[in-house]
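Enquirer: A predicted structure for the sequence below; I have some questions about it.
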There are 2 protein chains.
Amino acid sequence: MSADVIGYIAAFFTTFSFAPQALLTLRSRDTRTLSLGMYGMFVAGVTVWLIYGVMRDDVIIIAANGITLLLSVPILSMKIYNLVWGNEKVNRNIIN
Amino acid sequence: MSADVIGYIAAFFTTFSFAPQALLTLRSRDTRTLSLGMYGMFVAGVTVWLIYGVMRDDVIIIAANGITLLLSVPILSMKIYNLVWGNEKVNRNIIN
């Protein structure tokens, strides 16, 4: 199999892996064991990947990171919503 | 800023974003709101990215995905451990 095909398979898996998490989080509205630090850094990173893709004019990078952003922003938003408006507390004993 | 530097910044953020989640999950041992589907697909995808990096002989892709794998495998392992040995149930009403 060519490296290109391997790359597409890899991008497909890592991109769409966030779909079941987004569905779970939006349906359950429960984000207690999700790390705010992770989703904050992750959404920031995927946004920078998107900028990289635009600079490189690379359609695959733009598409993969555009979809990943659409799936991860709702997860981060639900986490922030629960921290601000819900009963969820940041556990200050652990880095999260 | 060159596209290369933007790419390194993006890779740094998305790679190390899994560090706070790994710390939170290993310390709390609580994986109830983490999606099994996400971590299963994600670990599979990062493994394929690693194979892609080796095929392309690309040190950045190998390093970024190697570190991401080291950080995400413990999260997936804790989720599976809790499903098999703990009290956690797969919620069959929602895809997770």
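Expert: In hand now; what should we look at?

Enquirer: Find the helix or strand that A:Ala44 is a member of.
Expert: helix A:36-56 (DSSP states H and E).

Enquirer: what comes up buried for that helix?
Expert: A:36-53 (16 or more other Cβ atoms under 10 Å in any protein chain shown). C-beta coordinates here come from the backbone N, C-alpha and C atoms, glycine included.

Enquirer: Kindly report the same for stretch A:15-33.
Expert: Buried, per 16+ other Cβ under 10 Å, within stretch A:15-33: A:15-25, A:28, A:31-33.

Enquirer: Among those residues, which lie within helices?
Expert: In helices, defined here by DSSP state H, the members of those are A:Thr15, A:Phe16, A:Phe18, A:Ala19, A:Pro20, A:Gln21, A:Ala22, A:Leu23, A:Leu24, A:Thr25, A:Ser28.

Enquirer: what helix or strand does A:Ala63 sit in?
Expert: helix A:59-85.

Enquirer: between that helix and helix A:36-56, how many degrees?
Expert: Per axes from the mean of the first three to the mean of the last three Cα atoms, to 10 degrees, the angle that helix A:59-85 makes with helix A:36-56 is 150 degrees.

Enquirer: Might one say that A:Glu88 is in contact with A:Asn82?
Expert: Yes: using Cβ atoms under 8 Å, A:Glu88 is in contact with A:Asn82, at 4.3 Å.

Enquirer: intersection of neighbour lists for those two?
Expert: A:Thr31, A:Arg32 (Cβ atoms under 8 Å, 6 or more residues apart in numbering or on different chains).
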